[in-house]
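[1] everything below, folded, please.
(2 chains)
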Amino acid sequence: MPAVSFDHVSRHFGAVKAVDDVILDIAEGEFFAMLGPSGSGKTTCLRLIAGFERPTAGDIRIFGEPVADLPPYKRQVNTVFQDYALFPHLNVRDNVAYGLMIAGRGKRERHAEAEAALEMVRLGGYGSRKPSELSGGQRQRVALARALVNKPRVLLLDEPLGALDLKLREQMQEELKTLQRQLGITFVFVTHDQGEALSMADRVAVFNEGRIIQVGSPEDIYFRPEVPFVADFVGSSNVLPEALVARLAGETCPAAIRPERLRLTSEGPLKARVTGLSFLGLSTRVSFDAEGTRLTALLPQDVARPREGDEVALSWAAEDLHLMRAGQRANPRAGA
Amino acid sequence: MTMAQTTASAQIGPSEGVLTRLSDTLWRRPTLLLLILLTPPALWLGIIYLGSLFALLLQSFFSIDHFTGLINHEFTLATYAELFTPANFDIIRRTVGMAALVTVASAVIAFPIAYYAARYAKGAWRALFYLGIMMPLWSSYLVKVYAWKLILAKEGILTWIFEGLHLTWLLDAYLALPVIGGNSLSVSPTGTFLVFVYVWLPYIVLPIQAALERVPTSMLEASGDLGAKPAQTFRHVLLPLALPGVIAGSIFTFSLTLGDYIIPQIIGTSRLFIGQAVYQHQGIAGNIPLAAAFAVVPIVIMGVYLWIAKRMGAFDAL
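    So this is what the prediction gives:
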């Protein structure tokens, strides 16, 4: 039985289709990422699971139980909010123990459990502080402890790392992943950061304009995008238009090719002019204008770099040109 | 002329106006600016406002010679002791009780209004809300009080409505009650209470609304997410976070009721409130020490009130 399942779920706000006909199964114990640009419906989907929004159509089930009529306080899910939403008038211990207090547990018991949860997120001994006395990363951990102490069957995370700086974010990614493996709880994670989704999730759903465009493993999403949007948004892949693909590969569909797979040669199937170079450290990013299509390549530093304005030819291994055949979009359930 | 000279004359040349040079001077000396800005209000507050208050308080430590009616300028606590005579203490008890009831009722009425305005009202509705709250403040206080007299009088609108609904017996039964009843609503403590609540309501709605607007929606959602039913969210999250606003508003309703001497004079029984007592003692009776001592009572009560509020954590979320 899936932990969460969406059956043709829509959430419309007047004319705005925030979530439009979404079909989705999230398996128990899975680390599932919802990835998409802002306004793509991923957060609304999360809020639908939490119960802060109600679907205008369709059926949502949590462990088989229809939840359309269940208010948030009756659902066995907990949320880590984007702004953490820690209660400013309570200290850290009482924040973490809030759910237990509501559940009617005794003071000693809930404080002991809160302290254990704080230990788990490596904030043991911080219980008496106020949230305002903590750093962003610490608040994030408190929010995590406050959700996990209730032993939810599904944990929802709404861009939880968005407000942290890069170093802390990478560290938290590791920790979240470890925590999820240890606890075995289903994590549903919303992010607009493709790197975050790819590095942490078992499976990723890519959202655009209220719909799920593609669901699959990070490798699927990254190497085998089914539509140009995914290729562009997730991997910053080069998208070759149909006409070009028809000439190069004899197929009438768009194709994607990863920037690190493009090679510069003297003779090749595609002529291009270098329009810009930027030094990235590990590699150099080169932009091209290839017969009107903008392409980028990542060149290792040991390869001779072209200069701006150079006329070059591009080539690639046949298997690196990923064809995105229209209409071949698989049922999102197939990936489960 | 060299380049340096040109630049120098462009910066502090004689062609610049007095205002520009003044601005430059103030920019270079921010302390001077602060001094200029703060001196007038500090003088106003210090001398005219606090000074006169202290002059009044000083009076409360004098006493009046009841035979000659002259003020005896010797320090004594006798005037304060007079506050505790049954007649005077009754006035204090009545006023504080009324102020407390008015404050609680205002808070109960104001909270849903403020909540709606803070969370749901948008655009034109929001403007309408502010207009509805503020407009009663535009008209004279006396006009409103006399309007209420017409509403509450024996031949007034309310009596007429009760008659129309064949509920006169209910009104009569209510007016027959001891303490809160009277000959008609306009001469009953209930009438005084209603008008106080009406007149002070805006002063408590606005601070509560400001406090509620600062509570992020996600905090209420988080509470529900952690299992709290709406009533529990109200009790454990919304109310504590709105409490500074409620306290701020209640300071207005409480202290305004404590000090008012016009409403109880026009509407209600002939029994005195603190404000009326102050008015009569300093004006008619010429007993300024006792008037001053009465004036100290609301100050002490407000001090105690704020101290309790702080002890209860009302300002923790600030």
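
[2] for B:Tyr279, helix, strand, or coil?
    Applying DSSP: H, G, I helix; E, B strand; the rest coil to B:Tyr279 yields a three-state assignment of helix.

[3] OK, contacts around it?
    By C-beta atoms under 8 Å, 6 or more residues apart in numbering or on different chains, the contact list for B:Tyr279 reads B:Tyr261, B:Ala291. C-beta: built from backbone N, CA, C; applies to glycine.

[4] please redo it, this time with the cut-off set to 6 Å
    By C-beta atoms under 6 Å, 6 or more residues apart in numbering or on different chains, the contact list for B:Tyr279 reads B:Tyr261.

[5] secondary structure element for the residue most central in space within chain B?
    In chain B, the centroid-proximal residue (C-alpha atoms, centre = their mean) is B:Phe252; its distance is 1.9 Å. Secondary structure assigned from DSSP states H and E places B:Phe252 in helix B:239-259.

[6] try A:Ser128
    Using DSSP H and E, A:Ser128 sits within no helix or strand.

[7] for the residue of the stretch 151-300 of chain A found nearest chain B, which three-state class applies?
    When scored by C-beta to the nearest C-beta, the stretch 151-300 of chain A has A:Leu156 as its residue closest to chain B, at 8.5 Å. Under three-state DSSP, A:Leu156 falls in the strand class.

[8] picking that back up, for the residue nearest to the centre of chain B, which non-adjacent residue is closest in space?
    The shortest distance from B:Phe252 to any non-neighbouring residue, by C-beta to C-beta, 6 or more residues apart in numbering or on different chains, is to B:Tyr203 (3.7 Å).

[9] gap between the one you found and chain A?
    B:Tyr203 sits at a distance of 24 Å from chain A (criterion: C-beta to the nearest C-beta, to the nearest Å).

[10] tally of neighbours for that residue?
    The number of residues packed near B:Tyr203 is 20, by other C-beta atoms under 10 Å in any protein chain shown.

[11] check A:Glu209 too.
    When neighbours are defined as other C-beta under 10 Å, A:Glu209 has 14 of them.

[12] mind pulling up the pLDDT for it?
    Reported pLDDT at A:Glu209 in the predicted model: 92.

[13] could you measure from the residue nearest to the centre of chain B over to chain A?
    B:Phe252 is 23 Å from chain A, by C-beta to the nearest C-beta.

[14] ok, that residue touching B:Pro202?
    No - under the criterion of C-beta atoms under 6 Å, B:Phe252 is not in contact with B:Pro202, lying 9.1 Å apart.

[15] and the helices in chain A?
    For chain A, helices defined by DSSP state H occupy the ranges A:42-50, A:92-96, A:98-102, A:107-120, A:136-148, A:166-183, A:194-200, A:218-223, A:228-235, A:242-249.

[16] let me know which of the ones you listed is the nearest to B:Leu38.
    Proximity of the helices of chain A to B:Leu38 was assessed by C-beta to C-beta; the nearest stretch is helix A:136-148, lying at 36.8 Å.

[17] is the closest one positioned near chain B?
    No - Helix A:136-148 lies out of reach of chain B by C-beta under 6 Å from any C-beta of the partner chain, never closer than 7.1 Å.

[18] now do that helix: distance to the chain's middle.
    Averaging C-alpha coordinates over helix A:136-148 and over its chain gives two centres that are 19 Å apart (C-alpha atoms, centre = their mean, to the nearest Å).

[19] which elements pack onto it?
    For helix A:136-148, the elements it packs on are strand A:77-80, helix A:92-96, helix A:107-120, judged by 3 or more C-beta pairs under 6 Å, 6 or more residues apart in numbering or on different chains; DSSP states H and E.

[20] the same query, at a cut-off of 7 Å, please.
    Counting contacts by 3 or more C-beta pairs under 7 Å, 6 or more residues apart in numbering or on different chains; DSSP states H and E, the secondary-structure elements packed against helix A:136-148 are strand A:77-80, helix A:92-96, helix A:107-120, helix A:166-183.

[21] first-to-last residue distance for stretch A:205-213?
    The first and last residues of stretch A:205-213 sit 7 Å apart, counting by C-alpha to C-alpha, to the nearest Å.

[22] ditto for stretch A:58-67
    The first residue of stretch A:58-67 is 11 Å away from its last residue (C-alpha to C-alpha).

[23] which residues does that stretch contact?
    Where contact means C-beta atoms under 7 Å, 6 or more residues apart in numbering or on different chains, the residues beyond stretch A:58-67 that reach it are A:1, A:3-10, A:48-49, A:51, A:68, A:75-77, A:153-154.

[24] are any of the residues you listed buried, and if so which?
    The neighbour-count criterion (16 or more other C-beta atoms under 10 Å in any protein chain shown) marks A:3-7, A:9-10, A:48-49, A:51, A:75, A:77, A:154 among the contacts of stretch A:58-67 as buried.

[25] what would these look like in a markdown table with pLDDT and distance to B:Thr95?
    Below are the buried ones among the contacts of stretch A:58-67 laid out as a markdown table (pLDDT from 0 to 100; distance: C-beta to C-beta, whole Å):
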| residue | pLDDT | distance to B:Thr95 |
| --- | --- | --- |
| A:Ala3 | 93 | 62 |
| A:Val4 | 95 | 60 |
| A:Ser5 | 94 | 64 |
| A:Phe6 | 95 | 62 |
| A:Asp7 | 94 | 65 |
| A:Val9 | 94 | 60 |
| A:Ser10 | 94 | 60 |
| A:Leu48 | 95 | 55 |
| A:Ile49 | 95 | 55 |
| A:Gly51 | 94 | 49 |
| A:Arg75 | 93 | 51 |
| A:Val77 | 95 | 53 |
| A:Val154 | 95 | 57 |
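
[26] ok, so of those, who is nearest B:Asn72?
    Closest to B:Asn72 out of those is A:Gly51 (73.0 Å), distances taken as C-beta to C-beta.

[27] what's near enough to touch the spatially closest residue to the closest one that is not a sequence neighbour?
    Spatial nearest neighbour of A:Gly51, excluding adjacent residues (C-beta to C-beta, 6+ apart): A:Pro72 at 3.7 Å. With contact taken as C-beta under 7 Å, 6+ apart, A:Pro72 is in contact with A:Ala50, A:Gly51, A:Phe52, B:Gly224, B:Asp225.

[28] now the two most distant members of these.
    The most widely separated members of the contacts of A:Pro72 are A:Ala50 and B:Gly224, with 8.7 Å between them, by C-beta to C-beta.

[29] can you put the buried ones among the contacts of stretch A:58-67 in CSV and add distance to B:Thr257?
    Putting the buried ones among the contacts of stretch A:58-67 into CSV (distance: C-beta to C-beta, whole Å) gives the following:
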residue, distance to B:Thr257
A:Ala3, 57
A:Val4, 55
A:Ser5, 59
A:Phe6, 56
A:Asp7, 59
A:Val9, 54
A:Ser10, 54
A:Leu48, 48
A:Ile49, 50
A:Gly51, 43
A:Arg75, 46
A:Val77, 48
A:Val154, 52
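
[30] relative to A:Ala27, which of those is nearest.
    Distance to A:Ala27 across these (C-beta to C-beta) is lowest for A:Ala3, with 6.4 Å.

[31] where does pLDDT dip in the chain?
    By default, I'm working from chain A. When residues are selected by pLDDT under 70, those of chain A lie in A:326-336.

[32] my question was about chain B
    Scanning chain B for pLDDT under 70 picks out B:1-15, B:316-318.

[33] show me the chain divided up by domain.
    Picking chain A for this. Following automatic domain parsing, one gets these domains for chain A: A:4-227, A:230-323.

[34] please go with chain B instead
    In the domain annotation for chain B, the residue ranges read B:17-53, B:85-311 (automatic domain parsing).

[35] surely the residue of the stretch 151-300 of chain A closest to chain B and A:Leu46 touch.
    Yes - contact status for A:Leu156 versus A:Leu46: in contact at 5.2 Å, counting by C-beta atoms under 7 Å.

[36] this completes my enquiry, with thanks.
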